[in-house]
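>>> Provided below are the primary sequence and the corresponding predicted coordinates.
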Amino acid sequence: MIALSISAETENVARIRVPEDHTFFLRLRCTTCHEETPNAVGVSRDDVVEGIRGASVNLKYKCKGCGREHDITVQPYDEKEAWTEGGKEWQRIAAFECRGMDPYEYEIRDGYLVEAADGSKFDDVDLSDDWMEVDGKGNPVSISNVKARLEGAKAEKKKK
Ligand SMILES: [Zn+2]
């Protein structure tokens, strides 16, 4: 399993997370022939297709290098998966089960849910660039320097 974590510099932000139907844009590398996808491929829990062994998956992808079919499933939604103020620098927002390929880069685009320190909520926030808004009390709410990291989730489980 591959976990997606983000880090960010924020002002008056309590939480950053993604909605259940978020589309994750991933660049993938085939584990057989090491061919990389030329563009990021979108994967969402809302897209359900039949996978290699007949199970339901969220994306089936045929490698252009070796012709093998691979698939990806976004792990079940958990509202607690979020970047939260006061937490660790890197916080997990989603995880993927990948067969036959490794995601090596995640593209930060739009669609994020942001909760300000005063409880104000913002939908469909674009975090690909610096973002700034004003909360219900007129205080600035901002997010900048968002970074994403993909890594094997097994190591994190061992720490518990
Ligand atoms: Zn391949």
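Received, thanks.
>>> only C-alpha atoms for contact and neighbour calcs from this point on.
Noted.
>>> What helices and strands are in contact with whichever strand in the chain runs longest?
Looking across the chain with DSSP state E, the single longest strand is strand 140-152. Judged by 3 or more Cα pairs under 8 Å, 6 or more residues apart in numbering; DSSP states H and E, the packing partners of strand 140-152 are strand 2-11, strand 13-17, strand 101-107, strand 131-134.
>>> one more time with 10 Å
Applying 3 or more Cα pairs under 10 Å, 6 or more residues apart in numbering; DSSP states H and E, we find strand 140-152 packed against strand 2-11, strand 13-17, strand 91-99, strand 101-107, strand 112-116, strand 131-134.
>>> quick one: which of the ones you listed is nearest the ion?
With respect to the ion, and counting by Cα to the ion, the nearest of the helices and strands packed on strand 140-152 is strand 101-107 at 8.1 Å.
>>> which residues touch that closest one?
Residues outside strand 101-107 that contact it (Cα atoms under 10 Å, 6 or more residues apart in numbering): 1-5, 24-37, 40-42, 61, 63, 69-72, 96, 128, 147-152.
>>> what stretches of the protein score poorly on pLDDT?
Along the chain, the parts satisfying pLDDT under 70 run over 153-160.
>>> which bits of it sit near the ion?
Within reach of the ion by Cα under 5 Å from the ion, the chain has these residues: 30, 33, 63, 65, 66.
>>> okay if I get these as TSV plus secondary structure and neighbour count?
Output for these, formatted as TSV (DSSP: H, G, I helix; E, B strand; the rest coil; neighbours: other Cα atoms under 10 Å):
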residue	secondary structure	neighbour count
30	strand	22
33	coil	15
63	coil	21
65	coil	13
66	coil	12
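>>> Tell me the one of those nearest residue 48?
Each of the residues of the chain next to the ion was checked against residue 48 using Cα to Cα; the closest is residue 63, at 19.1 Å.
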